[in-house]
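**Student:** Show me the folded form of this:
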Amino acid sequence: MVSIRYDETWMEVPSGKTILAALEAAGIGLVRGVGCRGGICGACAVLYRVSSQTHVMSAGLMCQETVQDGMEILPLPHVPNKKVPHRLELPEDETPAHHVLRLYPEVNNCVMCGECVRVCPMHLDVMGYVGMIKRGDLKGAARASFTCIGCQLCVIRCPASISQPNAALAARRWFGAHQEPRADHLTRMLDKVDSGHYTPIFRWMRRLDPMEFQALYLRREREPDDAPPGTWLPDDRALL
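**Tutor:** I've put the predicted structure just below:
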């Protein structure tokens, strides 16, 4: 067992568990700030310090960080940040890159301190993709930020108050809408949807009772984890 402090209370929890699992083992039922439990959704962002080891405040995800003796924990179910509502229509006098900069001009205030990189639980080069947005390289920013989970921990640490995940999301959206070439296979699939090709199949599925539908789901073919990208196809290709 180890001793941790959560919600102003010290408690004994099992060692070797993640913060999330340890809190639940201690009887704390978490409703908010809990999502995928696999380091994907970014909902369980947390700040913590182990005073006996260091003066440094650390950040991470409750579903990933392991409890340590003397750990003091501050969950962050919501981080106030700038999120600009926008539509994907492009004004005639602007390029996609200029438009993203108009939505999030504060990226130009980046001082390249690297705090965002140090705090990112996904080990992304946050400072790097912010620089790409500044230079108008939306393709590079889209690629570099693709696995961002939106936990907003970089927002907390940024001295320039940049909302990096939202600026990166805008870069991905505007690059995808206006610069990324359309995928031929996706265009073909959309044409099939529009033509009603899948309508009989979905009507048949809707007539299934819940148990039949569950059995169909459990029998589905799944792509092997080690399959090279773009090479695997199911044996049943009725939906392709």
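
**Student:** out of everything not next to it in sequence, what's closest to residue 152?
**Tutor:** Leaving out its chain neighbours, the residue that sits closest to residue 152 by CB to CB, 6 or more residues apart in numbering is residue 79, at 3.7 Å. C-betas here are computed from N, CA, C, even on glycine.

**Student:** Would you confirm that the one you found belongs to a strand?
**Tutor:** No. Counting by DSSP: H, G, I helix; E, B strand; the rest coil, residue 79 is located in no strand; its state is coil.

**Student:** tally of neighbours for it?
**Tutor:** Burial of residue 79, expressed as a neighbour count using other CB atoms under 10 Å, amounts to 16.

**Student:** Do I have it right that it meets residue 154?
**Tutor:** No. Under the criterion of CB atoms under 8 Å, residue 79 makes no contact with residue 154, lying 9.7 Å away.

**Student:** what about residue 161, neighbour count?
**Tutor:** 11.

**Student:** What mean pLDDT does the longest helix seen in the chain get?
**Tutor:** With secondary structure taken from DSSP state H, the chain has its longest helix at helix 164-178. When pLDDT is averaged along helix 164-178, the result is 95.

**Student:** what does stretch 137-145 give?
**Tutor:** The model assigns stretch 137-145 a mean pLDDT of 96.

**Student:** Give me the contacts around it.
**Tutor:** The contact list for stretch 137-145, computed with CB atoms under 8 Å, 6 or more residues apart in numbering, reads 96-97, 100, 124-126, 128-130, 132-133, 165, 168-169, 171-172, 174-176, 179-180.

**Student:** Separate out the buried members of the residues you listed.
**Tutor:** 96-97, 100, 124, 126, 129-130, 132-133, 165, 168-169, 171-172, 174-175 (16 or more other CB atoms under 10 Å).

**Student:** what packs against the longest helix of the chain?
**Tutor:** Applying 3 or more CB pairs under 8 Å, 6 or more residues apart in numbering; DSSP states H and E, one finds that helix 164-178 contacts helix 96-103, helix 126-135, helix 138-144, helix 153-157.

**Student:** Next secondary structure element downstream of that helix?
**Tutor:** Next helix or strand after helix 164-178 toward the C-terminus (DSSP states H and E): helix 184-195.

**Student:** Without its sequence neighbours, what residue ends up closest to the most centrally placed residue in the chain?
**Tutor:** By CA atoms, centre = their mean, the chain has its centre lying nearest to residue 149, at 1.7 Å. Spatially, and ignoring its direct neighbours in sequence, residue 149 is nearest to residue 42 (3.5 Å; CB to CB, 6+ apart).

**Student:** ok, and what's touching the longest helix of the chain?
**Tutor:** The contact list for helix 164-178 (CB under 8 Å, 6+ apart) reads 81-84, 86, 88, 90, 96-97, 99-100, 103-104, 107, 116, 126, 129-130, 132-133, 138-139, 141-142, 145-146, 148, 150-152, 154-155, 158.

**Student:** residue contacts, the residue nearest to the centre of the chain?
**Tutor:** By CB under 8 Å, 6+ apart, the contact list for residue 149 reads 39, 40, 41, 42, 121, 122.

**Student:** Count the neighbours of residue 189 for me.
**Tutor:** Neighbours of residue 189 (other CB under 10 Å): 15.

**Student:** and the longest helix of the chain, how far out from the chain's middle?
**Tutor:** 13 Å (CA atoms, centre = their mean, to the nearest Å).

**Student:** so how many other residues sit close to the residue nearest to residue 109 when sequence neighbours are not counted?
**Tutor:** In space, residue 109 comes closest to residue 160 once its chain neighbours are excluded; the distance is 4.0 Å by CB to CB, 6+ apart. Using other CB under 10 Å, the number of residues around residue 160 comes to 16.
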